[in-house]
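Enquirer: Here's a sequence, model it:
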Amino acid sequence: MKLLLLGKNGQVGWELQRSLAPLGEVIALDRQTGGDISDLSVLANTIRGMRPDVIVNAAAHTAVDKAESEPDLARRLNAEAPEVMAQEAKSLGALLVHYSTDYVFDGSGSGARKEGDATGPLSVYGRTKLEGEQRIAATHCRHLIFRTSWVYAARGGNFAKTMLRLAQEREALSVINDQWGAPTGADLIADVTAHAVRHVSAHEDDGGLYHLVAAGETNWHAYASHVIERAQNLRPDLGWKVQSIAAVPTSAFPTAAVRPLNSRLDTHKLQATLQLHLPAWQHGVERMLREIL
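Expert: As a prediction, this is how the structure comes out:
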């Protein structure tokens, strides 16, 4: 099996290089090595030249606030490029794996969203990611689309690392407590992806759209408090200054893009179809902390 991985240096892309390796030959590209998805003709030619059995797209415009001021670029990367990948996958008979987001929903209510629930993105990022899903589905190529949320990894920057740095610099922190979701490790996403690619290779009808997040739920304030408490226990020697972590509403931190308050995603379809167990979010966070501290 030949697998083409685009976006190899992102948080998920980095982990995919590891998780996909046992499946076959992995050709991993980034912008500098021929995997620039912003040039649609080059992208199409790259796929045609390599003739992969599986295309895994871990590249995207993920700067949520910046997307508000560059909607055309966000649309090209998040909607038009995935459509090109889907068209090329269709002509090759290849499987396309693509990642989407909880931002396709409007964040209302407190229930976990299922795959078929009504969407209603609040931002350019959310709208372009939803359009990408729709364009892929419209080609009728073989595909897997995973919606995920609150992605972190030991490699690169993330919310937990920011909180740990601030906890060593400041005595008082303020963190949002009215946005709910599940912190999901890039390593978990990558491992489930590899399992799903193998599964769909043997069960063609099980392709399609799935929600993929760690089990459980939390808000940013509770997440920050958990991370800092565990880090203080693991490394009491790191000179922690933080004395208080105030819980504040989203309105306390205005941003260019509107964030959904409810990012809960229902993963029953994924777990039942692929016969998987998704661990509690705390397990992955604990592993990350032990790796970075």
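
Enquirer: Do you know the pLDDT at residue 37?
Expert: Per-residue pLDDT puts residue 37 at 94.

Enquirer: Same question for residue 33.
Expert: For residue 33, pLDDT reads 83.

Enquirer: list the contacts for it?
Expert: Listed by CB atoms under 8 Å, 6 or more residues apart in numbering, residue 33 has no contact partners. Placement of C-beta: from N, CA and C, glycine included.

Enquirer: Backbone dihedrals for it, both of them.
Expert: Main-chain dihedrals, residue 33, degrees, to the nearest 10: phi -120, psi 30.

Enquirer: Make residue 1 into 51 and carry on from there
Expert: Yes, from this point I'll number from 51; that puts the last item at residue 83.

Enquirer: State the distance from it to residue 321.
Expert: Distance of residue 83 to residue 321, given as CB to CB, to the nearest Å: 35 Å.

Enquirer: And for residue 313?
Expert: For residue 313, the distance to residue 321 - CB to CB - is 18 Å.

Enquirer: repeat for residue 186
Expert: Residue 186 is 23 Å from residue 321, by CB to CB.

Enquirer: These two: which has the busier surroundings?
Expert: residue 186 (26 against 17; other CB atoms under 10 Å).

Enquirer: quick one: contacts for the more buried one?
Expert: 132, 133, 135, 136, 146, 148, 193, 195.

Enquirer: Could you do residue 59 as well?
Expert: residue 80.

Enquirer: what's the distance between it and residue 73?
Expert: 20 Å.

Enquirer: residues in contact with the host helix or strand of residue 138?
Expert: Applying DSSP states H and E as the criterion places residue 138 in helix 131-142. By CB under 8 Å, 6+ apart, the list of residues contacting helix 131-142 from outside reads 56, 87-88, 90, 93-94, 97-98, 101-102, 105, 107, 109, 144-146, 148, 182, 185-186, 188-193.

Enquirer: Bridged to residue 76, which residues?
Expert: Beta-bridge pairing of residue 76 under DSSP bridges involves residue 53.

Enquirer: Does it touch residue 63 like I think?
Expert: No - with contact defined as CB atoms under 8 Å, residue 76 does not reach residue 63; the gap is 10.9 Å.

Enquirer: Which residues are in contact with each of these two?
Expert: Counting by CB under 8 Å, 6+ apart, the residues touching both residue 76 and residue 63 are residue 55.

Enquirer: now the farthest one out in the chain, which residue is it?
Expert: Relative to the centre of the chain, and counting by CA atoms, centre = their mean, the farthest-placed residue is residue 287 at 32.9 Å.

Enquirer: would it count as being in a strand?
Expert: No - applying DSSP: H, G, I helix; E, B strand; the rest coil, one finds residue 287 to be helix, outside a strand.

Enquirer: For it, report the pLDDT, please.
Expert: 94.

Enquirer: And it, how far from residue 343?
Expert: Residue 287 is 10 Å from residue 343, by CB to CB.

Enquirer: Please apply the same query to residue 263.
Expert: Applying CB to CB, the value for residue 263 to residue 343 is 24 Å.

Enquirer: and if you look at residue 192?
Expert: 42 Å.

Enquirer: now the helices: where do they sit in the stretch 101-250 of the chain?
Expert: Taking DSSP state H, counting those that start in this stretch, the helices of the stretch 101-250 of the chain run over residues 114-117, 121-125, 131-142, 174-189, 209-219, 236-252.

Enquirer: out of these, nearest to residue 258?
Expert: Proximity to residue 258 (CB to CB) singles out helix 174-189 among these, at 8.3 Å.

Enquirer: between that closest one and helix 131-142, how big is the angle?
Expert: Put simply, helix 174-189 runs at 20 degrees to helix 131-142, going by axes from the mean of the first three to the mean of the last three CA atoms, to 10 degrees.

Enquirer: Restrict helix 174-189 to CA atoms and write it as CSV.
Expert: The C-alpha trace of helix 174-189 is given here as CSV (Å, rounded to 0.1, in the frame of the first residue of the first chain):
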residue,chain,number,x,y,z
VAL,A,174,-14.7,31.6,8.2
TYR,A,175,-12.7,28.7,9.5
GLY,A,176,-15.9,26.7,10.3
ARG,A,177,-17.6,27.6,7.1
THR,A,178,-14.6,26.6,4.9
LYS,A,179,-14.1,23.4,6.8
LEU,A,180,-17.7,22.5,6.3
GLU,A,181,-17.5,23.3,2.6
GLY,A,182,-14.5,21.0,2.4
GLU,A,183,-16.5,18.1,3.8
GLN,A,184,-19.3,18.8,1.4
ARG,A,185,-17.0,19.1,-1.7
ILE,A,186,-15.4,15.8,-0.8
ALA,A,187,-18.7,14.0,-0.4
ALA,A,188,-20.0,15.4,-3.7
THR,A,189,-17.2,13.7,-5.6
